[in-house]
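# okay, predicted coordinates and the sequence, questions at the end:
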Amino acid sequence: METDELSLAVVMQRKPLKSTWQPFQWLPAEVVLSPLPMGEPRCLRDDPAETLWLYTGLSLRLYSDEAEGYFLNIDSGSPCWFIMWRMEGELAVPQFVTLSYNEAARLMDGGEQVDTLPLPAPMVEQLGEFVAEYYRPEPKGKRRRPSFEGGAAVQQMASEEGAGRHGR
């Protein structure tokens, strides 16, 4: 099951840093529900204190098989947007937006840059409703004792190995 597509826009911000090695830092500044179609990025502000670029045409759907990741996001206490972005020339360009903690973790494990922004209350509510409908925690199974904890079977294996080595 998946939800209808939400059209999004992301504002990326470049802030100057007082550093010899890195003169500025890019970060997502805002995620906006936007009916604007994909278009060329637009510079909203460009001055020494701050540069803002608007990227339209991104989208988001919720999928029932990602319900655990959405649950983890909401359960964190600080629900957020996860924004994956890449440097393209001189600009930081958002590529993907998700609400799944697990999906964001997979992206980061793959070496992608992922930053977060707080999720607004109406989206938290919508995500919570989706999680309530589709998230079913896996039942806890019976824990098996690992072999390294010892036990009669391990002792018997050790004695059989010892007997085999010494020709008994």
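Perfect, thanks for sending it.
# can we go C-alpha only for contacts and neighbour counts from here?
Noted.
# ranges for the strands of the chain?
6-16, 24-33, 42-47, 50-60, 80-88, 91-98, 113-118 (DSSP state E).
# tell me which of the ones you listed sits nearest to Ala67.
strand 91-98 (12.0 Å; Cα to Cα).
# I'd like the strands of the chain written out as a markdown table, with mean pLDDT and distance to Gln156 added.
As requested, the strands of the chain are exported to a markdown table (pLDDT from 0 to 100; distance: least, Cα to Cα, whole Å):
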| stretch | mean pLDDT | distance to Gln156 |
| --- | --- | --- |
| strand 6-16 | 94 | 61 |
| strand 24-33 | 94 | 60 |
| strand 42-47 | 93 | 72 |
| strand 50-60 | 94 | 57 |
| strand 80-88 | 97 | 52 |
| strand 91-98 | 96 | 52 |
| strand 113-118 | 97 | 51 |
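# okay, the ones you listed in a markdown table with mean neighbour count next?
Output for these, formatted as a markdown table (neighbours: other Cα atoms under 10 Å):
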| stretch | mean neighbour count |
| --- | --- |
| strand 6-16 | 20 |
| strand 24-33 | 17 |
| strand 42-47 | 12 |
| strand 50-60 | 19 |
| strand 80-88 | 18 |
| strand 91-98 | 19 |
| strand 113-118 | 17 |
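# good, we can wrap up now.
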